[in-house]
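next comes the sequence, and after it the predicted model I'd like to discuss.
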Amino acid sequence: MDRTIAIDVSHLCKTYDSHHAVNDLSFQVYAGEIFGLLGPNGAGKSTTLRTLITLLHPTSGTATVMGHDTVREADTVRTLIGYVPQERAIDRFLTGREHLQLLGALYHLTTDEATKRINELLKLVDLEDHADRPAKTYSGGMKRKLDIACGLLPNPKILFLDEPTLGLDVQSRLRIWEYVRMLKARGMTVVMTTNYLDEADQLCDRLAIIDGGKIKTLGSPIELKIALGGDIVSLTLKELDRIPSLETELKGRPAIKSVRTTTKGLDIRVESPEKALPAILEAANRLGCSIEFIQYNRPRLDDVFIAHTGRAITESIPETESAS
């Protein structure tokens, strides 16, 4: 991977009425990588993204894009980036091509330049055959592909994607993933926010887990999983009312690193299954817990998230921590 620094964020803070939406963030994004900000709704991901694309001024700290300060050189930064928001205001009556033509005029592209770019982008996102249909007839996945084409129209060095597959069906999500990988293969730097663990795991070269406006950990998905250490033994119990007593019994035992309640049982992080499993089964038997199912797996990205934040990504954020 190219170690040229495309984005440099140093001690970035954004405060609203004494509430820290983003609190002392520092990270770097390398040229040509897909970098993810992973966290639940309200973690501070979009605030960070909007600061990097110059829509927000930081309360303190700095951010540079391709060496240009996002506050002092905002106009220059805007010429280097493309942005795909969570929801673009698509005019239902314009066609896909007309959307891109309108945007081309806003970017002051010449007619010839705009026509060439639009044709290239419609082909890239597989909308050539649908370009002259009104956007109101597009599926959710097609609208998202049009969004990406709009973000790519100015031929940016860096593309920012805010929740690129939010609300899409599985097939549409996989198609968007293909386009993002294709952009990386063409040498583009991509920064994306997501609250989908599988998306971060599949797409990102490196990611920062962000929660309550702070970065909890940063690295490649593989590095983060290896660093967590231990394997996961997942138990499904027949009697759900026995889960708390078994959790209490197992916590603090040798070879058991952590125990977490799930909807149907327990996720137990262990140093080695061989050492821990006999103790787990013995405790369950002694407490009269009927085990319906045992599953063993290596640490997953959701295990990493839980280990660093204390909760699953789908769980709500405490009121005092939430950030926009």
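Everything's here; your move.

excluding residues flanking it in the chain, which one is nearest the spatially most central residue of the chain?
Residue closest to the average C-alpha location in the chain (Cα atoms, centre = their mean): residue 194, at 2.5 Å. Spatial nearest neighbour of residue 194, excluding adjacent residues (Cβ to Cβ, 6 or more residues apart in numbering): residue 200 at 5.4 Å. Yep, even glycine has a C-beta here, placed from its N, CA and C like the rest.

how many neighbours does that neighbour have?
Number of residues near residue 200 (other Cβ atoms under 10 Å) recorded here: 26.

swap in the one 3 residues further on?
The local packing of residue 203 (other Cβ under 10 Å) involves 24 other residues.

and it, what does it touch?
The neighbourhood of residue 203, defined by Cβ atoms under 8 Å, 6 or more residues apart in numbering, consists of 34, 36, 177, 180, 181, 192.

quick one, which of those residues are buried?
34, 36, 177, 180, 192 (16 or more other Cβ atoms under 10 Å).

which helix or strand contains residue 109?
Element membership for residue 109 (DSSP states H and E) is empty, with no helix or strand holding it.

let me see the contact set for the residue nearest to residue 194.
By Cβ under 8 Å, 6+ apart, residue 200 lies in contact with 36, 38, 194, 207, 221, 301.

confirm it sits in a helix?
Yes. Using DSSP: H, G, I helix; E, B strand; the rest coil, the assignment for residue 200 is a helix.

and the pLDDT for it?
Looking at residue 200, its pLDDT reads 95.

what of residue 1?
pLDDT recorded at residue 1 is 58.

and the lengthiest helix in the chain, how far from the chain's centre?
Secondary structure of the chain per DSSP state H: the longest helix is helix 170-185. Distance of helix 170-185 from its chain centroid, counting by Cα atoms, centre = their mean, to the nearest Å, is 14 Å.

now for the very next helix or strand once past that helix, which elements pack on it?
Using DSSP H and E, the helix or strand that directly follows helix 170-185 along the chain is strand 189-194. With contacts taken as 3 or more Cβ pairs under 8 Å, 6 or more residues apart in numbering; DSSP states H and E, strand 189-194 sits against strand 5-16, strand 19-30, strand 34-38, helix 45-52, strand 158-162, helix 170-185.
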